[in-house]
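Colleague: I would like to see how this sequence folds:
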Amino acid sequence: MSVQTPGFSLSLSLMALLAGVSAASAEVIVTGNSPFATCVADNVAGQPGINYPNAEVEPWVDADPTNSSRLIAGWQQDRWSDGGSRGTVSAYSTSSGLRWASVVVPGITLCSGGIFQRASDPWVTISPNGTAYFMSLAFMNDLPTGSLGRNSMLVNRSTNGGASWSAPVALSDNNDGQTFDDKNSMTADPGDSNFVYATWDRLIDFSVPPISAKAAPARAGARQKGGEGAANARDRLRQIRSAQSDRRPINKATIFTGPTYFTRTTNGGGSWETPKVIFATGKNEQTINNLIEVLPNGTVINFFTHIKSLGGVSLELVRSTNKGATFGPAIRAFNMVVTNTGTLTPDAQAPVRDANILFDTAVDRQNGNLYVVWQDGSSRNLDKVAFSMSTNGGLSWSTPVIIDKTPYSANKLRNQAFVPSVTVAANHRVVATYYNFQNDVSSNAREATDFWSISCNIASGANCRTAAGWSAATRLTSASFDMLNAPVARGHFLGDYMGLVNAGGTAKSVFGKAVGDNLNDMFATTAP
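Modeller: Residues are numbered from 1 along each chain as shown. Model (predicted):
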């Protein structure tokens, strides 16, 4: 592991001051060489797809409420081209993100002492008493018959700030060949260390044979590969829209369903309740990207993207006023405008695996305001960063507005912004991050990409409901990187999400960038 030099940090600050914008802290590398380099237990050569050694993707991060200088991050290590990674790895910092130490999350994959071939969707949350939880999706590859491989939602626990982790507990375990749990998240109740909430979508795919079948029928297209829930959902949505555009009939037979599942612990991880459906979808519908926020009054809110059978997409939520014992009916916040292509690089027009159909949420722990950012295609059918907020616990929402500060370019694709995150820092300041191509100024076979932050200072009277209420962008990357170097996993891939958290009033980000051919690293920085 290495840390950027003090001289480099000073030059960044000086350039920012000369430009009249706030300075980000120097980025610090979080990840090192793969801990799985010598592992042979998972037989990489015998698995389908391409494995990318030392390629880390999809970071998440949380801060310890008992000590804001202690951070814990997690990511997928050694990503596969067709779903998942060789294992999930965490890192902890006791210096506000200036130095990091990596720790393998044990008992997940064959390379970490578990039974599964692959892992995905890392998520970290920390309770008010400092107990940390790490959630992973672990799975086996699809079977030769076409049946889905065994898959499980696993959670590890740490009581020493992420320096070590317990053996995993299985929140769910599926081995019927037609059920796959996906796109998980976990939220510790900020007001009660006994309660931690976990949620995910469950896709039940009737187009593939159950585990007992000896031969596979023709697949009807509900799933393509285990551990690829967001990419699969985007593909299905595009297929529906293509059929509608060509005026082809849409198959109305029941192919799959995708409800939201939820479980909780009420005793600080000592045990977990049997998972239950808290939002049931109709036939050929699904939820994805289930995220939980807890209001200051204790109300638990589960957000999700709802993908309808005829192609409609909306962001919806369900609320619980009894700490997740029961949930009320769904509330539609707003419809999401989803582009058919997602993000494309400006020159090569190569697909980028982005956060299309996904979103991120945050809550202000003082006033209860809720905030959502997502990729939205309402501006010239380009993926941009949209924002909406609620001041009444999610019952109603402001009109969506585009907030990213990507400057206009004659090259249409240089106007895109993608993979947004949001958090609330001190004094009600709302902070968002995203990637764009605004520094890709020439067609030189290099797709220059940068990571940025913007903020809205409610305490000073700014109106976050308008684009003008948001600050100029601050560059968080020290130099542009080439998106074409990112490994290809149904598009050049950094992650479906990036980590962003309030740590003692400051916004700490852990994000990915490509540093070589098929090689990503994770970096940490502080948004100004």
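Colleague: list the buried ones in the lengthiest helix in the chain?
Modeller: Taking DSSP state H as the criterion, the chain has its longest helix at helix 229-245. Across helix 229-245, burial judged by 16 or more other C-beta atoms under 10 Å covers G229, A230, A231, N232, A233, R234, R236, L237, R238, I240. C-beta coordinates here come from the backbone N, C-alpha and C atoms, glycine included.
Colleague: for the stretch 201-350 of the chain, what are the low-confidence residue spans?
Modeller: 213-226 (pLDDT under 70).
Colleague: quick revisit: who are the neighbours of the longest helix of the chain, in terms of helices and strands?
Modeller: strand 179-188, strand 196-205, strand 286-294, strand 300-307 (3 or more C-beta pairs under 8 Å, 6 or more residues apart in numbering; DSSP states H and E).
Colleague: got a list of contacts for it?
Modeller: Residues from elsewhere that reach helix 229-245, judged by C-beta atoms under 8 Å, 6 or more residues apart in numbering: 180, 182-183, 201, 203, 221-225, 248-250, 286, 288-289, 307, 309-311, 313, 338, 340, 342, 353, 356-358, 489-491, 496.
Colleague: Can you flag the buried ones in these?
Modeller: For the contacts of helix 229-245, a burial check counting by 16+ other C-beta under 10 Å picks out 180, 182-183, 201, 203, 222-223, 225, 286, 288-289, 307, 309, 311, 313, 338, 342, 353, 356-358, 489-491, 496.
Colleague: Tell me where this structure has helices.
Modeller: 6-19, 229-245.
Colleague: Check the average confidence over the shortest one, would you?
Modeller: In this model, helix 6-19 has an average pLDDT of 35.
Colleague: Number the residues from 52 up from this point.
Modeller: Fine by me, first position is 52 from now on; the one you just mentioned is helix 57-70.
Colleague: Tell me which residues touch V154, please.
Modeller: Per C-beta under 8 Å, 6+ apart, neighbours of V154: V140, S141, A142, Y143, G213, A214, S215, W216.
Colleague: Which ones among those residues map onto strands?
Modeller: Counting by DSSP state E, those place V140, S141, A142, Y143 in strands.
Colleague: Type out the ChimeraX command that picks the buried ones from those residues.
Modeller: The ChimeraX selection below is limited to those of the ones in strands among the contacts of V154 classed as buried (16+ other C-beta under 10 Å):
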select :140,141,142,143
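Colleague: Which of the ones in strands among the contacts of V154 sits closest to L194?
Modeller: V140 (27.5 Å; C-beta to C-beta).
Colleague: Just give me the neighbour total for the closest residue in space to that closest one that isn't next to it in sequence.
Modeller: In space, and not counting its chain neighbours, V140 is closest to Q128: 4.4 Å by C-beta to C-beta, 6 or more residues apart in numbering. Under the neighbour criterion other C-beta atoms under 10 Å, Q128 is assigned a count of 29.
Colleague: now Q128: how far from F502?
Modeller: Counting by C-beta to C-beta, to the nearest Å, the gap from Q128 to F502 is 21 Å.
Colleague: cool, and R404?
Modeller: 16 Å.
Colleague: Tell me which residues are up against stretch 129-137.
Modeller: So stretch 129-137 is contacted by 85, 87, 90, 93, 95, 98-108, 127-128, 138, 160, 162, 168-171, 188, 190, 276-279, 538-541, 544, 571 (C-beta under 8 Å, 6+ apart).
Colleague: For PyMOL, what selects the buried ones among the residues you listed?
Modeller: Remark: buried members of the contacts of stretch 129-137, expressed as a PyMOL selection using 16+ other C-beta under 10 Å:
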select buried, resi 85+87+90+93+95+100+102+103+105+106+107+108+127+128+138+160+162+168+169+170+171+188+190+276+277+278+279+538+539+540+541+544+571
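Colleague: so who does T311 touch?
Modeller: By C-beta under 8 Å, 6+ apart, the neighbours of T311 are T250, W251, D252, R253, V328, I329, F330, T338, N341, N353, F355, V369.
Colleague: now do 6 Å
Modeller: D252, I329, F330, T338, N341, F355 (C-beta atoms under 6 Å, 6 or more residues apart in numbering).
Colleague: Of all pairs in these, which one is the farthest apart?
Modeller: Most distant of those, by C-beta to C-beta, are D252 and I329, 11.1 Å apart.
Colleague: Give me the neighbour count for P179.
Modeller: The local packing of P179 (other C-beta under 10 Å) involves 15 other residues.
Colleague: Could you do T338 as well?
Modeller: 28.
Colleague: Was I right to think it contacts F355?
Modeller: Yes. T338 is within contact range of F355, at 4.1 Å (criterion: C-beta atoms under 6 Å).
Colleague: quick check, nearest of the contacts of T311 to D243?
Modeller: Set against D243, the nearest of these by C-beta to C-beta is I329 (19.4 Å).
Colleague: Next, the contact list for the closest one, please.
Modeller: Shown in contact with I329 (C-beta under 6 Å, 6+ apart): T311, F313, V369, F378.
Colleague: what residues are up against P300?
Modeller: By C-beta under 6 Å, 6+ apart, P300 has no neighbours at all.
Colleague: what's the burial count for the nearest residue to A554 once chain neighbours are set aside?
Modeller: The shortest distance from A554 to any residue other than its chain neighbours is 3.6 Å, reached at A114 (C-beta to C-beta, 6+ apart). A114 has 23 neighbours, counted by other C-beta under 10 Å.
Colleague: How much space separates A114 from P538?
Modeller: 29 Å.
Colleague: Next: F167.
Modeller: Taken as C-beta to C-beta, the span from F167 to P538 is 21 Å.
Colleague: quick one: pLDDT of the residue nearest to S441 when sequence neighbours are not counted?
Modeller: By the measure of C-beta to C-beta, 6+ apart, the closest residue to S441 outside its immediate chain neighbours is L421, 4.4 Å from it. For L421, the pLDDT comes out at 98.
Colleague: Look up which residues are beta-bridged to L421.
Modeller: Note on L421: beta-bridge partners by DSSP bridges are V414, S441.
Colleague: Return the per-residue confidence for M573.
Modeller: For M573, the predicted pLDDT is 98.
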